[in-house]
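Engineer: when you get a sec, could you give me coordinates for this:
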Amino acid sequence: MQQWPGKPLTSDKSQTPIPIPQELVLQLVASVARWGSPYVVTDGLGGCASPWSIDRAVRSSRKRIEGMPSSFRFHDLRHYLASLLIASGADVKTVQTRLRHASAVTTLGIYVHMWPDRDESTRATIGGVLAARADWVRTRTGP
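Structural biologist: Here you go, the predicted structure:
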């Protein structure tokens, strides 16, 4: 497997299969059947699209797609995936694995601001434990 012909994957971890939903599998199968190419992103003739042609296509689509930021890049889809995973409740280790970061420190360095604030949930947890402890003490010592 290669990112771009002649450019090997960056690590052995990059070769680990990524779990994808059945709906995506069906879309990819349909794309391969339609275009007759082993590549997911093609040059329109069945060959592998170059990173430069993908960048040009994304830049030209910015003007045609309402609401797309003028600074949108193909790489931003990676950040979009990370934000979807975090918003769905995925933990840092899962996000790290899906993005193929070498460590969770890298993932946190980029995306820590996206994880929900846990102050209220930790307050509620500690408050619940203290209330349960007070109830337990009251039942043992009387009114």
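
Engineer: residue 30: neighbouring residues, count only.
Structural biologist: Other residues near residue 30 number 10, with proximity taken as other Cβ atoms under 10 Å. Just so you know, the C-beta spots here come from the backbone N, C-alpha and C atoms, and that holds for glycine as well.

Engineer: do residue 95 as well
Structural biologist: Residues within reach of residue 95, counting by other Cβ under 10 Å, total 23.

Engineer: then residue 49?
Structural biologist: With neighbours defined by other Cβ under 10 Å, the count for residue 49 comes to 19.

Engineer: what's the answer for the one 3 residues further on, then?
Structural biologist: Residues near residue 52, counting by other Cβ under 10 Å, number 8.

Engineer: could you check the pLDDT of it?
Structural biologist: According to the model's per-residue confidence, residue 52 sits at a pLDDT of 86.

Engineer: any idea which element it lies in?
Structural biologist: Assigning secondary structure by DSSP states H and E places residue 52 in helix 51-64.

Engineer: would you mark the buried spots in whichever helix or strand comes after that helix?
Structural biologist: Heading C-terminal from helix 51-64, the first helix or strand you meet, by DSSP H and E, is helix 76-87. For helix 76-87, burial by neighbour count (16 or more other Cβ atoms under 10 Å) applies to 82, 85, 86.

Engineer: any chance of these in CSV, with distance to residue 138 and pLDDT too?
Structural biologist: CSV is the format used below for these (distance: Cβ to Cβ, whole Å; pLDDT from 0 to 100):
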residue, distance to residue 138, pLDDT
82, 47, 96
85, 44, 95
86, 41, 95
